[in-house]
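Enquirer: Next input, structure requested:
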Amino acid sequence: MAAGFLERLRDGPPIVADGGTGTLISAAAPRLRCPEEANVRAPDTVVSLHVSFINAGAELIETNTFGANRAKLASRYLEEELVPINEAAVKLARDARQVSGREVFIAGSIGPLGEHEETWPEDRAPLFAEQARLLAGRGVDLFSVETFFDLEELVTAIEAVRSVSELPIVAMMTFGDDAETIGGVSAAEAAERLARLRVAVVGTNHGAGPDAALTALQAMGDSLPLAAMPNIGLASMSGNRIVYPHATPEYFSEFAAQARSLGARLIGGCCGTTPTEIGAISSAIAADRAPRAPLAVIERELAVEVAREERETRLGADLREGRFVTSVQVDPPLGANYEGLLEIAAAVHAAGAYVDINDNATARVGMHPLIVAAALERRVGIETIPHLTPRDSTVMGLESVLLGAHAEGVRNLLAVTGDPPEIGDYPGSGGVYEVDSIGLTHLVSHLNRGENFNGKAIDAPTSFFAGVAVNPIADDPDEELDRFRRKIEAGARFAMTQIVFEVGQVEALLERLGGASPVPVIAGVFPLTSYRLALRLHNEVPGIVVPDALQEALRDAGPGEREVGFAHARELLAALRDVAAGVYVVAPYRQPLSVLELLEATS
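Expert: This is a model prediction of the structure:
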């Protein structure tokens, strides 16, 4: 069916692909060492999932072999099952096609080597070629070489596949919101390079969600047919579970229309997407749906700020004495230079506000927030509120960086669990998570008592003023409340909420706490600059709900959407003065200092 695939790409409507096979298999078949093991341990689960996607409208399904190369299987002690796992995967996909009775293309899925990427190209190529030979031998119609972050590794994989097969190749990379890989390769550069390698389709998969995929497609141009198979959105951690956002079918229907308008000939999903989302894509393609609004590129930036005192932090004194606190939330630099932050910090500090610094938000690599905080406190003399997650360090590593930051004068701290790494820059890696945010708060309390996490005395105690996160609109409010109380018992001195868009969301939290919070609560406000941004936050980011009325107001505002968003933020800030101890404002993309007008409104 290889010729049929190429013919369909050229002459027919876009091909609908399947969704997040690996994540769904892991959920349906527990205790697997990796999703690919299901091919030989739970074959009925794999067939059932394939059929579900086909019934939803998928015309192309991928074999359950994304991580089934020899190196990755060996890391799971499955090297001896390399051949049966790959061969069974093709058989199961063909069985599903036969059961469905439909003409469906079968793509052999080949992913990057993950933690084995340190191998030389000449060592990587045989691994890719070996897997491709197995998949081709069992009868796939094409290859999907996908979720690559390193362009050179993808080139190696494509050349290796081509060395053993002439079947069509779909080549997909993962890009950030800025249409660049973590290595700084733009979507345009990647498309141009891949177009010279005899591939049938180039595109993007995985990543931060549909919105980022559209941005990458727009940058790729039209030299080859394009593919878009994004994650459902940004995942989050709830206890030990990975939780995906509640993107609506309508959102994916609009995504399909937008992707098609940008030249996508293959449209599907990745992590978190289910037959529901694929059904929405299929319906949009069948109806030849047109996009409701033209795509406008949204770019991203950062911002910073603030001041400090010696013993009790200025933040601690403000909260203790009941002064309304204002802060600006920024992302640390994505490179090795923070000079731009210093200038922004000075302007925000002049407005009398604080700054809180994200810790690799959305699991995208940036400068460590404690290092940024220490630099700002030393260079500018300002007080900061850096976030810290236990995702990336052991307990010993957390203690080390905290002691160093304290020596540099950092005192305030926000303990957060952090986004799982598999949804960000390193999908093949796992988080450390020796403790969660509750355990991290305990750890800080131990250091403040002059002992390490295990109770062993340290040379000098710390004096951190620790805060924690709380979500007023969590899916499970009882669990969220229980975790919040445990954080306070662990030593939290203040809290910062998830972003809210209605004062009632904070009021509801306080009601569940008995009318008042045991610690001061600082509420999060995000001044929306566009309807597209509102849609993305509502559909792709867990824990955020943008009210329908606000979405409609932004949609109806047209060119005046920014003014509508800022007017809403000003009203919300004024209302929060009566219920919260303070607010932090998320700096808008590419306009970090525009929040100053909002801060002035709170003074």
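
Enquirer: Could you pull out the strands in the stretch 401-550 of the chain for me?
Expert: Counting by DSSP state E, counting those that start in this stretch, the stretch 401-550 of the chain has strands at residues 412-415, 465-470, 494-499, 521-525.

Enquirer: Next, format these as TSV and append distance to P35.
Expert: Heads up, the C-betas are built off the backbone N, CA and C, glycines and all. Output for the strands of the stretch 401-550 of the chain, formatted as TSV (distance: least, CB to CB, whole Å):
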stretch	distance to P35
strand 412-415	32
strand 465-470	30
strand 494-499	30
strand 521-525	35
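
Enquirer: Okay, now stretch 346-356: how far is its last residue from its first?
Expert: One end of stretch 346-356 to the other measures 14 Å (CA to CA, to the nearest Å).

Enquirer: Identify each buried residue in it, please.
Expert: 347-349, 351, 353-356 (16 or more other CB atoms under 10 Å).

Enquirer: circling back to that earlier point, tell me which of the strands of the stretch 401-550 of the chain approaches I267 most closely.
Expert: strand 494-499 (29.8 Å; CB to CB).

Enquirer: Quick one: work out the angle between the closest one and strand 465-470.
Expert: 30 degrees (axes from the mean of the first three to the mean of the last three CA atoms, to 10 degrees).

Enquirer: so where's the protein shaky on pLDDT?
Expert: Applying pLDDT under 70 to the chain flags residues 114-122, 234-245, 293-311, 363, 423-424, 428, 589-591, 601-603.

Enquirer: Quick check: which of the strands of the stretch 401-550 of the chain is buried the most?
Expert: Mean neighbour count, computed with mean count of other CB atoms under 10 Å, is highest for strand 412-415 among these, reaching a mean of 28.

Enquirer: who does that strand pair up with?
Expert: Strands adjacent to strand 412-415 in the sheet, as given by DSSP bridges, are strand 384-388 (parallel), strand 465-470 (parallel).

Enquirer: got a markdown table for those, with distance to A587 too?
Expert: Converted to a markdown table, these look like this (distance: least, CB to CB, whole Å):
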| stretch | distance to A587 |
| --- | --- |
| strand 384-388 | 14 |
| strand 465-470 | 18 |
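
Enquirer: Please name the nearest non-neighbouring residue to E451.
Expert: A457 (5.4 Å; CB to CB, 6 or more residues apart in numbering).

Enquirer: Oh, that last question was meant for E399, not what I typed.
Expert: Closest residue to E399 apart from its sequence neighbours, by CB to CB, 6+ apart: N452 at 5.8 Å.

Enquirer: Isn't that neighbour up against V444?
Expert: No: assessed by CB atoms under 8 Å, N452 is found out of contact with V444, at 11.3 Å.

Enquirer: Looking at those two, which one has more neighbours?
Expert: V444 (25 against 16; other CB atoms under 10 Å).

Enquirer: Show the contacting residues for the more buried one.
Expert: When contacts are counted by CB atoms under 8 Å, 6 or more residues apart in numbering, V444 is found next to 402, 413, 415, 462, 464, 466, 491.

Enquirer: That one and A107, how far apart?
Expert: Noted for V444: a distance of 48 Å to A107, by CB to CB, to the nearest Å.

Enquirer: again with G233
Expert: 24 Å.

Enquirer: Which of the helices or strands spans L49?
Expert: helix 43-56 (DSSP states H and E).

Enquirer: other SSEs contacting the helix or strand just after that helix?
Expert: Going down the chain from helix 43-56, the next helix or strand is strand 60-62, by DSSP H and E. Using 3 or more CB pairs under 8 Å, 6 or more residues apart in numbering; DSSP states H and E, the elements in contact with strand 60-62 are helix 43-56, helix 82-100, strand 105-110.

Enquirer: quick one: buried residues of strand 60-62?
Expert: For strand 60-62, a neighbour-count test (16+ other CB under 10 Å) marks 60-62 as buried.

Enquirer: Tell me how far the helix or strand just after that strand lies from the chain's centre.
Expert: Toward the C-terminal end, the helix or strand that comes next after strand 60-62 (DSSP H and E) is helix 70-75. Put simply, helix 70-75 sits 26 Å off its chain's centre (CA atoms, centre = their mean, to the nearest Å).

Enquirer: heads up, I number from 759, so please use that
Expert: That works, and once the first residue is 759, the last one we named lands at helix 828-833.

Enquirer: Pull out the buried positions in helix 828-833.
Expert: Applying 16+ other CB under 10 Å to helix 828-833 flags 828-831, 833 as buried.

Enquirer: Serialize these to TSV and add fields for distance to S1151.
Expert: As requested, the buried residues of helix 828-833 are exported to TSV (distance: CB to CB, whole Å):
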residue	distance to S1151
R828	31
A829	26
K830	24
L831	28
S833	22
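
Enquirer: three-state assignment of the residue lying closest to L1351 once chain neighbours are set aside?
Expert: Among residues not flanking L1351 along the chain, A1105 sits closest, at 5.7 Å (CB to CB, 6+ apart). With DSSP: H, G, I helix; E, B strand; the rest coil as the basis, A1105 sits in helix.

Enquirer: hang on, isn't A1105 packed against V1353?
Expert: No: A1105 lies out of contact with V1353 (CB under 8 Å); the separation is 10.0 Å.

Enquirer: re the thing from before, please identify which of the helices and strands packed on strand 818-820 is closest to F1284.
Expert: Nearest of these to F1284, taken as CB to CB: helix 801-814 at 33.4 Å.

Enquirer: closest one to M759 among the strands of the stretch 1159-1308 of the chain?
Expert: Nearest of the strands of the stretch 1159-1308 of the chain (CB to CB): strand 1252-1257, 47.0 Å.

Enquirer: Could you pull up the residues touching G1188?
Expert: 1179-1180.

Enquirer: any idea how far it is from A937?
Expert: G1188 is 27 Å from A937, by CB to CB.

Enquirer: So E1358 sits against A1109, correct?
Expert: Yes: contact criterion CB under 8 Å: E1358 and A1109 qualify, at 6.9 Å.

Enquirer: Helices of the stretch 1159-1308 of the chain, residue ranges please.
Expert: Under the criterion DSSP state H, counting those that start in this stretch, the stretch 1159-1308 of the chain contains helices at 1195-1206, 1235-1248, 1261-1270, 1289-1298, 1306-1315.
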